[in-house]
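K.L.:
Sequence and predicted model, in that order:
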Amino acid sequence: MAFLSDTLARVKPSPTIAVTNKARELAAAGRDIIGLGAGEPDFDTPQNIKDAAKRAIDAGRTKYTAVDGIPELKAAICNKFLRENGLTYTPAQVTVGTGGKQILYNALMATCNPGDEVIIPAPYWVSYPDMVLLAGGTPVPVVAGIETQFKLTPAQLEAAITPKTKWFIFNSPSNPTGAGYTRAELRALCDVLMRHPQVWIMSDDMYEHLVFDDFEFCTPAEVEPGLYDRTLTCNGVSKSYAMTGWRIGYAAGPLNLIKAMGTIQSQSTSNPSSVSQYAALEALTGPQDFLAENRTLFQRRRDLVVGMLNKAEGVTCPTPEGAFYVYPDISGCIGKSTPSGVTITNDEVFASALLDDTGVAVVFGAAFGLSPNFRVSYATSDVLLAEACARIQRFCASLV
Ligand SMILES: Cc1ncc(COP(=O)(O)O)c(C=O)c1O
């Protein structure tokens with residue numbers, strides 16, 4: 001009898017975490033490493049949020065809570081959806097989990113049966129396909145390439161839908177490309193979804209607040225109220241409020257789905273950390289100036305990185321609407337060789353040679369389902385970004 005489960009055999013460890021670990025090991029061994037792999041803001045959680053957590057500890061709010069969130073936080077989440085997205089939900093339609101990741105996982109575990117298909121636009125956040133596999137469903141990646149700025153077209157969505165399609169996972173702005181769908185682009189996808197009532201929509205709005213220029217964020221249940229009854233609107237405090245380690249994500253949707261997700265959570269982790277819930281309450285109800293400051297900072301970094309990467313030989317870097325990632329295409333580098341004789345056959349070799357030769361850590365595109373590309377997370381200082389991009393330019397210029 002095998003010790004390890006068949007379920008485990010269906011999934012692989014997160015490649016983004018693997019890159020971060022490798023960069024950390026090299027840095028510990030004394031190498032000069034610039035890590036552009038991690039998907040988290042580089043600055044600290046705002047002070048008012050940390051203070052709220054300390055107050056919660058001192059007030060003894062350190063016991064089990066309701067499995068899917070304290071009532072105050074659920075009420076704050078309802079207010080957030082109304083205030084920022086024009087969406088009306090009751091507290092019973094809201095669930096809070098240990099990060100956005102658990103929320104998505106709960107939803108898939110609560111709904112996927114063998115044979116159920118989940119449409120995932122590629123390039124995608126690395127965890128979507130593996131979470132679908134863990135839940136027993138079938139991921140259906142659909143490639144949205146550079147020619148459509150990494151956005152799925154209505155025709156592609158229509159062609160991917162079958163009678164077995166259970167979910168369509170929508171992520172705007174996107175990890176790994178930063179691409180954000182305009183209202184008109186999302187409207188066109190919603191029109192397709194309106195014609196297929198068996199398809200549910202999982203909208204991952206994690207990067208909602210990180211949008212640049214005049215881009216207006218929008219989400220499916222608001223753009224097409226006809227989809228409200230089959231949409232799970234997912235969000236969290238991790239990226240918006242620099243709270244990745246606190247582990248609070250949330251979602252709102254139809255009652256039966258929310259209840260089912262709570263059942264999964266009740267038999268796995270129970271409530272998310274009580275202290276973190278009070279911190280998230282302060283994040284959603286306290287001063288919001290932090291969000292605008294963040295946007296300005298990240299927009300400046302995006303412009304720096306896009307400008308410098310487009311000057312690297314063989315690299316084409318589109319300008320994304322949001323998040324803190326860019327996803328340059330490296331077609332012009334494939335087939336060339338490094339001075340030490342490594343032939344760049346694909347983006348994994350590119351990323352590995354880049355790390356070995358220059359100390360810059362990026363994640364290769366194959367991990368996200370579209371090659372040849374790599375992902376840069378520009379959630380690091382301007383000085384380090386400029387240095388990393390200069391190294392990438394020199395590396396690309398050295399290829400023959
Ligand atoms: C698109 C997307 N969704 C969800 C998550 C999960 O966020 P959390 O850290 O709250 O679990 C991430 C984190 O990288 C993400 O990029």
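P.N.:
Cool, got the structure.
K.L.:
Please make it C-alpha for all contacts and neighbour counts, starting now.
P.N.:
Noted.
K.L.:
nearest residue to residue 336 other than its sequence neighbours?
P.N.:
Closest residue to residue 336 apart from its sequence neighbours, by C-alpha to C-alpha, 6 or more residues apart in numbering: residue 400 at 5.2 Å.
K.L.:
whoops, I mixed them up, residue 270
P.N.:
residue 67 is the one closest to residue 270 (C-alpha to C-alpha, 6+ apart), at 5.0 Å.
K.L.:
which parts of the stretch 101-250 of the chain sit against the ligand?
P.N.:
Selection of the stretch 101-250 of the chain residues close to the ligand by C-alpha under 6 Å from any ligand atom yields 101, 125, 175, 204, 206, 236, 238, 244, 247, 248, 249.
K.L.:
Among these, which one lies nearest to the ligand?
P.N.:
Sorting these by how near they are to the ligand, with C-alpha to the nearest ligand atom, puts residue 101 at the top with 3.7 Å.
K.L.:
quick one: the closest one and residue 250 touch, right?
P.N.:
No: using C-alpha atoms under 8 Å, residue 101 is not in contact with residue 250, being 9.5 Å away.
K.L.:
wait, residue 48 sits on residue 282?
P.N.:
Yes: Residue 48 is in contact with residue 282 according to C-alpha under 8 Å; the separation is 7.3 Å.
K.L.:
And the two? Which one has more around it.
P.N.:
In this view residue 48 and residue 282 are compared by other C-alpha atoms under 10 Å, and residue 282 has more residues nearby, 19 against 14.
K.L.:
Neighbour-wise, give me the winner out of the residues of the stretch 101-250 of the chain next to the ligand.
P.N.:
Highest neighbour count within these, by other C-alpha under 10 Å: residue 236, with 29 neighbours.
K.L.:
For the nearest residue to that residue once chain neighbours are set aside, which residues are in contact?
P.N.:
Take residue 236 and drop its neighbours on the chain: the residue closest to it by C-alpha to C-alpha, 6+ apart is residue 249, 3.9 Å away. Residue 249 sits next to 96-103, 234-238 when contact means C-alpha atoms under 8 Å, 6 or more residues apart in numbering.
K.L.:
what's the answer for residue 280, then?
P.N.:
49, 73, 237, 248.
K.L.:
now these as JSON lines including pLDDT and secondary structure?
P.N.:
JSON lines is the format used below for these (pLDDT from 0 to 100; DSSP: H, G, I helix; E, B strand; the rest coil):
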{"residue": "49", "pLDDT": "98", "secondary structure": "helix"}
{"residue": "73", "pLDDT": "98", "secondary structure": "helix"}
{"residue": "237", "pLDDT": "98", "secondary structure": "coil"}
{"residue": "248", "pLDDT": "98", "secondary structure": "coil"}
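K.L.:
out of those residues, who has the most neighbours?
P.N.:
Neighbour counts for the contacts of residue 280 peak at residue 248, which has 26 neighbours (criterion: other C-alpha under 10 Å).
K.L.:
Skipping adjacent residues, who's closest to that residue in space?
P.N.:
Nearest residue to residue 248, sequence neighbours excluded (C-alpha to C-alpha, 6+ apart): residue 99, at 4.1 Å.
K.L.:
got the contact list for that neighbour?
P.N.:
For residue 99, the contacting residues are 236, 238, 244, 246, 247, 248, 249, 250, by C-alpha under 8 Å, 6+ apart.
K.L.:
Same list, those residues, but as JSON lines with secondary structure please.
P.N.:
What follows is these, written out as JSON lines (DSSP: H, G, I helix; E, B strand; the rest coil):
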{"residue": "236", "secondary structure": "strand"}
{"residue": "238", "secondary structure": "coil"}
{"residue": "244", "secondary structure": "helix"}
{"residue": "246", "secondary structure": "helix"}
{"residue": "247", "secondary structure": "coil"}
{"residue": "248", "secondary structure": "coil"}
{"residue": "249", "secondary structure": "strand"}
{"residue": "250", "secondary structure": "strand"}
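K.L.:
Could you confirm residue 375 falls within a strand?
P.N.:
Yes: counting by three-state DSSP, one finds residue 375 located in a strand.
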